[in-house]
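Peer 1: Sequence and computational prediction follow.
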Amino acid sequence: MADVTAPTDFTTAPEASTTAGKVRGSWRPCPGATAEQAKFTHSAAFLGIPFAEAPVGDLRFAAPFPHAPWDGVRSAEEHGPTPQRPGPPEPSLIPEPSVPGGSTLNVDVFTPTPSTAAALPVMVYIHGGGYTAGSPASPWYDGAAFNRDGVVTVNLSYRLGFDGFGRIDGAPDNRAVLDWLLALEWVQENIAAFGGDPSRVTIAGQSAGGGAVLTLLGMPRAQPLFAQAWCISGALGDVPAGRAQGLAERLAGLAGVEPSLAGFASVPEERLLELQPKAQESPGGRDGVFGMLRRVVSGGLSLGPMVDGELITASTPSSLLAGVGADKPLVLGTADDEFAMALDAVRTKLRLVPSRLLLGQAGLERGRRSAYLSANRDLARLGSAAVLGRYISDAVFRSTALKVAEARAGAGSVGTWLYRFSWRSPVFGRAVHCLDVPFFFDCLGAGRVDALAGGNPPQALADDVHAAAVAFVSGGDPGSISGLGATGWPRYSEARGTKVFDTPSSVVEDGYASVRPLLD
């Protein structure tokens, strides 16, 4: 913990100066502040600070442009508008509210001491949502617990779906990636005013946000903007340009316009959002369960960071193997059964179908099925649906983590730490997607955590996961924890060491061995 003077007056609203003008936030207590942490019993929240002009009108499909200066002191006490629009129930297991409005490119800053003299480590968090949904306004992403432990936290928003990632003739590619870059530039220029050290920035994210972290780690242009990375269940984009072009043409056809800047600009955002899911379906619009699985597992995403040949010049694993980002420490891992619950509704129907046949229907080639089933013998007693659910999780998430760890080891990177989150939710009976997020943020008392983790999730596990994150953000090594119950955690290059977060946690050798048949 940095040796800084903590504020003592929490009756006066905190203010900070940015390059665009002053902002006023609000104080609130930090949860779980012990006597040893009394220096940071409170933290300041500055919400909805715009880092770019509103992406509306002529700027809708343009590269983000820094926000113009304002006069006086701008209120930063409420979340800004979100790119996720109000509508149907939130698609995620995480509560991620939508806030209406046009000025959607904002940052939220949480800090224990807004002071240019503090120079605390910084974590910039990127939310998930499959690159088409999600919101930084989730109460689970509140940085209060990190503030309590001496870490300044920043959440950022970015354009979603086709507006952010769609290929449009006449518009820049990867507009949402440009949003990430501009937000990180904002952090470099402004975070010192909020008590943060711009030379000690860790980027972190979950699901699509974890994919964003890996994309940035493998992107040469992003290298000066952060020092470390933590990837939770990263879902990589790496969308081929041809696939992105095909989606644009299908979407334009559904909208009745040309696949050009003028054509898409003539279609209201609400209409594109309505047509976007249909454009991602297989030809004929009859995906079915296995058609959808085969499309996602074998074909990958059709909306997300695109290999455009300029900003993103190669797939992320290829870039990492070539040494991009090799000087930056990385922690990454997944839950054991990320998307297994997607098959719960058809579990009974699948119980008599041989696992080998189901894996073939999901796209696993014949030559790999025996090796994969042999490596996952422990699931056989749970039935074919369990095997297929694990395969979906492995193909989309866990193989990505292993592939990245192997690429980094091959490039001689400074340090890569691999983990598994294995604690089983009493609600789902498995370690499912999003379950680890409230443990990472140490916010087990937040709303709707019980719907995912049950009524009595283990605080000791949250202490373990969160302490590892604080140790990494503060000192570059998630295993350098003392007095908080965590065991040591070797680098992946050391016998493929893997930390298993569970009750109790442990360290095992080659904790992703069951996934390895998908890579060999």
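Peer 2: Arrived safely, thanks for sending.

Peer 1: Just to be sure, Ala176 is in a helix?
Peer 2: Yes: when DSSP: H, G, I helix; E, B strand; the rest coil is applied, Ala176 is found to be in a helix.

Peer 1: Would you quantify the distance from it to Val437?
Peer 2: 21 Å (CB to CB, to the nearest Å). For every residue, glycine as well, the C-beta is placed using N, CA and C.

Peer 1: repeat for Leu320
Peer 2: 24 Å.

Peer 1: where does the stretch 251-400 of the chain have low pLDDT?
Peer 2: 282-296, 298-299 (pLDDT under 70).

Peer 1: show me where the stretch 151-300 of the chain has strands.
Peer 2: Under the criterion DSSP state E, counting those that start in this stretch, the stretch 151-300 of the chain carries strands at the ranges 152-156, 196-206, 228-232, 239-240.

Peer 1: What is the subsequent helix or strand relative to the lowest-mean-pLDDT helix or strand in the chain?
Peer 2: Least confident helix or strand, the chain: helix 288-294 with a mean of 61, by mean pLDDT, DSSP states H and E. Later in the chain than helix 288-294, the nearest helix or strand by DSSP states H and E is strand 306-307.

Peer 1: and stretch 190-207, average pLDDT?
Peer 2: Stretch 190-207 shows a mean pLDDT of 98.

Peer 1: Buried by neighbour count: which residues of that stretch qualify?
Peer 2: Residues of stretch 190-207 classed as buried by neighbour count (16 or more other CB atoms under 10 Å): 190-198, 200-207.

Peer 1: can you tell me which residues contact the residue of the chain positioned farthest from its centre?
Peer 2: Relative to the C-alpha centroid of the chain, counting by CA atoms, centre = their mean, Leu352 is the outermost residue, at 36.5 Å. Residues in contact with Leu352, defined by CB atoms under 8 Å, 6 or more residues apart in numbering, are Ser384.

Peer 1: rerun that using 7 Å as the cut-off
Peer 2: For Leu352, no contacting residues are found, by CB atoms under 7 Å, 6 or more residues apart in numbering.

Peer 1: Let me know the secondary structure of it.
Peer 2: Look at Leu352: counting by three-state DSSP, its state is coil.

Peer 1: Over to it: give its phi and psi.
Peer 2: Main-chain dihedrals, Leu352, degrees, to the nearest 10: phi -100, psi 0.

Peer 1: and what of the one 3 residues further on?
Peer 2: Listed backbone geometry of Ser355 is phi -60, psi -40, with angles given as degrees, to the nearest 10.

Peer 1: my read: it touches Gly383, true?
Peer 2: No: Ser355 lies out of contact with Gly383 (CB atoms under 7 Å); the separation is 8.3 Å.

Peer 1: For these two, indicate the residue with more neighbours.
Peer 2: Ser355 (21 against 18; other CB atoms under 10 Å).

Peer 1: Contacts only, for the more buried one.
Peer 2: 373, 384, 387.

Peer 1: What's the separation between the last one and Pro354?
Peer 2: Between Val387 and Pro354 the distance, using CB to CB, works out to 10 Å.

Peer 1: neighbour-wise, which of the two wins?
Peer 2: Val387 (23 against 12).

Peer 1: and whichever strand or helix holds the more buried one, how far from the chain's centre?
Peer 2: Here Val387 sits within helix 384-393, counting by DSSP H and E. Put simply, helix 384-393 sits 23 Å off its chain's centre (CA atoms, centre = their mean, to the nearest Å).

Peer 1: just stretch 503-516 next, same as before
Peer 2: Distance, centroid of stretch 503-516 to centroid of chain: 22 Å (CA atoms, centre = their mean).

Peer 1: export it as PDB, just CAs?
Peer 2: C-alpha atoms of stretch 503-516 as PDB (Å, rounded to 0.1, in the frame of the first residue of the first chain):
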ATOM      1  CA  THR A 503     -12.400 -23.900  -1.000                       C
ATOM      2  CA  PRO A 504      -9.600 -24.400  -0.300                       C
ATOM      3  CA  SER A 505      -7.500 -23.000  -3.100                       C
ATOM      4  CA  SER A 506      -4.400 -24.900  -4.400                       C
ATOM      5  CA  VAL A 507      -1.700 -24.900  -7.000                       C
ATOM      6  CA  VAL A 508      -1.600 -27.800  -9.500                       C
ATOM      7  CA  GLU A 509       0.700 -28.800 -12.400                       C
ATOM      8  CA  ASP A 510      -0.900 -28.400 -15.900                       C
ATOM      9  CA  GLY A 511      -4.400 -27.500 -14.600                       C
ATOM     10  CA  TYR A 512      -5.600 -27.200 -18.200                       C
ATOM     11  CA  ALA A 513      -4.500 -30.700 -19.300                       C
ATOM     12  CA  SER A 514      -8.100 -31.700 -20.100                       C
ATOM     13  CA  VAL A 515      -8.200 -28.900 -22.700                       C
ATOM     14  CA  ARG A 516      -4.900 -29.700 -24.300                       C
END
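
Peer 1: So what touches that stretch?
Peer 2: Contacts to stretch 503-516, defined as CB under 7 Å, 6+ apart, come from residues 375-376, 394, 398-399, 401-402, 418, 420, 423, 458, 460-461, 464, 486-490, 495-500.

Peer 1: Okay, buried residues for it please.
Peer 2: 505, 507, 511-512, 514-516.

Peer 1: so can I have TSV of those residues showing distance to Thr153?
Peer 2: Converted to TSV, the buried residues of stretch 503-516 look like this (distance: CB to CB, whole Å):
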residue	distance to Thr153
Ser505	24
Val507	27
Gly511	28
Tyr512	29
Ser514	34
Val515	31
Arg516	35
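
Peer 1: Out of those, name the ones that lie in strands.
Peer 2: Among the buried residues of stretch 503-516, the ones falling in strands (DSSP state E) are Val507.

Peer 1: Could you export the buried residues of stretch 503-516 to a markdown table, including columns for pLDDT and distance to Pro329?
Peer 2: Formatted as a markdown table, the buried residues of stretch 503-516 follow (pLDDT from 0 to 100; distance: CB to CB, whole Å):
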| residue | pLDDT | distance to Pro329 |
| --- | --- | --- |
| Ser505 | 95 | 20 |
| Val507 | 95 | 18 |
| Gly511 | 96 | 19 |
| Tyr512 | 97 | 19 |
| Ser514 | 95 | 26 |
| Val515 | 96 | 22 |
| Arg516 | 96 | 24 |
